[in-house]
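*Asks:* what's the 3D shape of this:
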Amino acid sequence: MAAPSEPPVPWDRPTPDRAVTMARREAQTQEAMQLLAEGRNLYREGKYKEALDKYNAAYNMLPSAPINDQRKEAIANHIGDASIAVAQEYIKVGRYDEADKLLQDAIKLNPRSAKLAK
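*Replies:* Predicted coordinates:
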């Protein structure tokens, strides 16, 4: 006769594995928000390429979860703004192909952006 199985853990009571996963996601979210803040500061200083790098790192760091959808969208908007600024700098020095690729990548990330559509 098989031993009785343990009752299922209620969804709102974290198991050790679930607690570790949740803690990891929270740490990643906090790091992504820190990268976003650093990117905003760099953007304000006119360091658009550095800001774009921080925004991309924040976007990639942020865990995919419904709770982060709005954050991802906000970061994608920042990526779009920084991409436009960097593309304008590239165009000034004749780096047209790089500017085009940068903008195309930003459009793929945020296809609804009115700024990028121009």
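*Asks:* element containing the closest residue to residue 87 other than its chain neighbours?
*Replies:* Spatially, and ignoring its direct neighbours in sequence, residue 87 is nearest to residue 99 (3.9 Å; Cβ to Cβ, 6 or more residues apart in numbering). Any C-beta I mention is one placed from the backbone N, CA and C, and that applies to glycine too. Using DSSP states H and E, the secondary-structure element containing residue 99 is helix 96-109.
*Asks:* For the helix or strand that comes right after that helix, buried residues please.
*Replies:* Per DSSP H and E, helix 96-109 leads on to helix 114-117 as the next helix or strand towards the C-terminus. By neighbour count with 16 or more other Cβ atoms under 10 Å, helix 114-117 contains the buried residues residue 116.
*Asks:* Residue numbering should commence at 14 henceforth.
*Replies:* Okay, using 14 as the starting number, the last item reads as helix 127-130.
*Asks:* Give me the average confidence score over helix 127-130.
*Replies:* Helix 127-130 carries an average pLDDT of 72.
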